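*Asks:* Fold the stuff below for me.
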Amino acid sequence: MQRKRFGALWIALSIFLLIDSICCAAAIAQGNTMWPTKEWQSSTPEEQGMDSTALAGLVEFGTSRSFDSLLIVRHGRIVLDAYYAPYSADLPHAINSATKAVIATLTAIAYKDGLLDSLDHPMLKFFGDRNLFEVDDKKKAITVQNLLDMTSGIDWTEPLNGRPESLIEMRRSPDWIKFILDRPMSNAPGETFNYNSGNSQLLSAIITKLTGLDARNYAKAKLFAPLGISTADWLRDPQLLATGGFGLAMLPRDMAKIGYLYLRNGEWEDKRLLPPAWIDKVSHATVDMKRSVEPDLRYSNSFWALPNKQVYMAVGYHCQLIMVFPELDIVAVTTARDFCPFSKLVDYISRAVKSETALPLDPAGANLLTTAIRNVSADKPAWAGSTRPR
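*Replies:* Alright, predicted model coming up:
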């Protein structure tokens, strides 16, 4: 009799959970957006149409790429939140060059608010108070948009797979902005992509000139506060400007909020933070990054993109990623200590999506995922963290 009662209760609970999942999916289809300003809501993968077994394989894949965290949000709810020991959910992680995407986002906010009149505003007009070593017509033609797209044409050596000579020299100089502005031109603006953290440092300086605040404080007021982000550490240059190309440390759950802002077309709760045209440009990136390893990579507004896979992302050295999948309604975040193959990671995530609505309960898959997360969170020797500013 007791077994029958337990069986009946289990069946009733399963039916309740299934109905709740279907209702939740229907609410999403009707456009009821979840806003994680105070905290993220969690869900099982199956409730959001994703497969727990496939996600367990993704967690295992993370061990081979030295992941520190792996987080996936679908339909506004966290379906996977894994931390690889010794890291934990409450430990800020250096996001390296993904900082560039945050600086670019602040530029977009200043533009939306009318502080920046045009993204085609000539860059040098913000630095008329400086005596520059070398100015020619090419340098005068650099726009804010060129800085955002890494097409400024400034002579700079910072290959994505080699020694970043110019970045090292900049960091050793007593005035980073002067160092960047005094560089000669190697190409006409807009002519070709050339990765350059100096471009993002100039954007940080421009934000300060436009707002009267360093980018850290402007971010707190205009980006972090609306999104409910309270934990963020940010380095400064010798003139106390926030570093534009690296130096920001965030919690993975807060990194996901940045991605979610983009996934929701620049809106947050009842406010528009980013112009729709900005999101459209990011999601349809066209600047060829000329990458031999992944030739399909494109760039726009300081975001990387794989248009053929319908994903764009903020990217930091050693796989610090905020990935946005507009067609799948997904944000994925990784922090790591090694490089990772973007296309393979995208495929892992995409293949885990099985439906737009809830799937049946999968106790076996849920057990596999729980075990995988538990295994990677087990104690192992501590490591100092990802610090290279790329």
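*Asks:* Quick check: beta-bridge partners of residue 324?
*Replies:* In this entry, residue 324 is beta-bridged to residue 312, residue 331, by DSSP bridges.
*Asks:* and it, what pLDDT?
*Replies:* Looking at residue 324, its pLDDT reads 98.
*Asks:* How about the contacts made by it?
*Replies:* Each residue near residue 324 by C-beta atoms under 8 Å, 6 or more residues apart in numbering is listed here: 259, 262-263, 283, 311-313, 330-331. Every C-beta, even on glycine, is put in place using the N, C-alpha and C of the backbone.
*Asks:* Could I get the full set of helices for the stretch 251-390 of the chain?
*Replies:* Here the stretch 251-390 of the chain has its helices, by DSSP state H, counting those that start in this stretch, at 252-263, 276-283, 342-351, 363-376.
*Asks:* Format these as CSV; extra columns: mean pLDDT and distance to residue 149.
*Replies:* Formatted as CSV, these follow (pLDDT from 0 to 100; distance: least, C-beta to C-beta, whole Å):
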stretch, mean pLDDT, distance to residue 149
helix 252-263, 98, 17
helix 276-283, 97, 9
helix 342-351, 97, 19
helix 363-376, 98, 37
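*Asks:* residue ranges with poor pLDDT in this structure?
*Replies:* 1-32, 379-390 (pLDDT under 70).
*Asks:* Repeat the analysis, applying 50 as the threshold.
*Replies:* 1-31, 381-390 (pLDDT under 50).
*Asks:* Would you map the strands across it?
*Replies:* 41-42, 67-74, 77-83, 93-94, 232-234, 248-250, 267-268, 271-272, 287-288, 298-300, 303-306, 311-316, 320-325, 330-336 (DSSP state E).
*Asks:* For the spatially most central residue of the chain, which residues are in contact?
*Replies:* With distances taken as C-alpha atoms, centre = their mean, the residue of the chain nearest its centroid is residue 322 (2.8 Å). Contact analysis of residue 322 by C-beta under 8 Å, 6+ apart lists 98, 101, 255-256, 258-259, 313-314, 331-333.
*Asks:* Pick out the most distant pair among these.
*Replies:* Using C-beta to C-beta, the pair of the contacts of residue 322 lying farthest apart is 101 and 332, separated by 14.4 Å.
*Asks:* Relative to residue 260, how far out is residue 34?
*Replies:* As judged by C-beta to C-beta, to the nearest Å, residue 34 and residue 260 stand 9 Å apart.
*Asks:* Mind listing the shared neighbours of those two?
*Replies:* residue 76.
*Asks:* tally of neighbours for residue 308?
*Replies:* Counted with other C-beta atoms under 10 Å, residues neighbouring residue 308 total 10.
*Asks:* quick one on the thing from earlier: neighbour-wise, which of residue 34 and residue 260 wins?
*Replies:* Remark: of residue 34 and residue 260, residue 260 carries more neighbours, 21 against 16, as counted by other C-beta under 10 Å.
*Asks:* Residue 331 is in contact with the more buried one, correct?
*Replies:* Yes - judged on C-beta atoms under 8 Å, residue 260 makes contact with residue 331 at a distance of 5.3 Å.
*Asks:* Which neighbours do these two have in common?
*Replies:* When contacts are counted by C-beta under 8 Å, 6+ apart, residue 260 and residue 331 are jointly contacted by residue 73.
*Asks:* Now do the contacts for the residue nearest to residue 313 when sequence neighbours are not counted.
*Replies:* Take residue 313 and drop its neighbours on the chain: the residue closest to it by C-beta to C-beta, 6 or more residues apart in numbering is residue 323, 4.3 Å away. If a contact means C-beta under 8 Å, 6+ apart, then residue 323 has 259, 311-313, 330-334, 345-346, 349 as its contacts.
*Asks:* correct me, but residue 286 touches residue 298?
*Replies:* Yes - assessed by C-beta under 8 Å, residue 286 is found in contact with residue 298 at 5.9 Å.
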